[in-house]
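**Q** What shape does this take:
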Amino acid sequence: MQDPNADTEWNDILRKKGILPPKEQGKDAEENDEQILPQQSIVKTYEDMTLEELEENEDNFNEEDERAIEMYRQQRLAQWQATQLKNKFGEVLEISGQDYVQEVTKAGKDLWVVLHLYKQGIPLCALINQHFTGLARKFQDVKFVKAISTTCIPNYPDRNLPSVFVYFDGDIRAQFIGPLVFGGMNLTKDELEWKLSESGAIKTELEENPRKQIEDQLMSKVRCSALGKEDSDSEDD
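**A** Prediction:
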């Protein structure tokens, strides 16, 4: 009896007529398919490639691919540049009066600069410098700068400290001068963040002024205390 799996001309005729089933794939063929599949799975499309990989593989693309890839390359480049700009700073820069023009008023186009004039030995100045460190890390697209007051402005009065100035494109957009503006040593980082957001320098995720929440709580306590006193007076009468 003839082997139906044998590779003969007669069996090929019978397979074409449907009398014999199709020839089973041999083990070698299956192994070849298994080797091909992993190779196909590691092939990258240009959307998955980095800018460097696009450069390396540009000879393998046709003309239509190249047009699409060039548009994609420009998009990736713009995203990269935006990321670099956003993460440009992240620390508070200490400057002197000689650096003021270069680092503040000529710092760059479309750039927010927040300057703190301070003096050693003033507790509120030290607190704001501490808050500046946290805000600089959080808003890395904003340039946070600090300087000892008299190095930038000779004879700048201590009663005006701390002083915070907000600049955009070299022009002053807001100023906060003196301890009363900041609410004294109770100033929190969130309150300072809110103040700077009102000037436009930063885009805060805070939903409302933290100072207002504190004031509302204080007023609530005052009202409760007043009501309690009125009730006590009524009982005495």
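**Q** Please tell me how far residue 133 sits from residue 93.
**A** Relative to residue 93, residue 133 is positioned 11 Å away (CB to CB, to the nearest Å). In this view, the C-beta of every residue, glycine as well, is placed from N, C-alpha and C.
**Q** Look at these two and report which has more neighbours.
**A** In terms of neighbours (other CB atoms under 10 Å), residue 93 is the more surrounded of residue 133 and residue 93; the figures are 17 against 14.
**Q** Look up phi and psi at that one.
**A** Summarising the backbone geometry of residue 93 under the convention degrees, to the nearest 10, its torsions are phi -90, psi 130.
**Q** same check, this time on residue 101
**A** As for residue 101, its main-chain torsions (degrees, to the nearest 10) stand at phi -60, psi -50.
**Q** Also residue 177?
**A** Dihedral angles of residue 177 (phi, psi; degrees, to the nearest 10) stand at phi -120, psi 130.
**Q** Spit out the contact partners of it.
**A** 160, 163-164 (CB atoms under 8 Å, 6 or more residues apart in numbering).
**Q** Same question for residue 108.
**A** By CB under 8 Å, 6+ apart, residue 108 lies in contact with nothing.
**Q** before we move on, back to that, would you write a ChimeraX line that selects the buried entries of the contacts of residue 177?
**A** A single ChimeraX command is used to select the members of the contacts of residue 177 judged buried by 16 or more other CB atoms under 10 Å:
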select :163,164
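**Q** now the contacts of residue 177 in a markdown table, with pLDDT and secondary structure?
**A** Listed next are these as a markdown table, based on pLDDT from 0 to 100; DSSP: H, G, I helix; E, B strand; the rest coil:
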| residue | pLDDT | secondary structure |
| --- | --- | --- |
| 160 | 97 | helix |
| 163 | 98 | strand |
| 164 | 98 | strand |
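**Q** got JSON lines for the contacts of residue 177, with distance to residue 68 too?
**A** As requested, the contacts of residue 177 are exported to JSON lines (distance: CB to CB, whole Å):
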{"residue": "160", "distance to residue 68": "59"}
{"residue": "163", "distance to residue 68": "54"}
{"residue": "164", "distance to residue 68": "49"}
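**Q** Relative to residue 16, which of the contacts of residue 177 is nearest.
**A** The shortest gap between residue 16 and any of the contacts of residue 177 belongs to residue 164, at 88.9 Å (CB to CB).
**Q** which residues touch the closest one?
**A** With contacts defined as CB under 8 Å, 6+ apart, the neighbours of residue 164 are 114-117, 128, 175-177, 195-196.
**Q** what sits up against stretch 125-144?
**A** Residues lying outside stretch 125-144 but in contact with it, judged by CB under 8 Å, 6+ apart, are 85-93, 103, 107, 111-114, 116, 118-119, 146, 161-162, 164, 182, 185, 187-189, 192-193, 196, 201-202.
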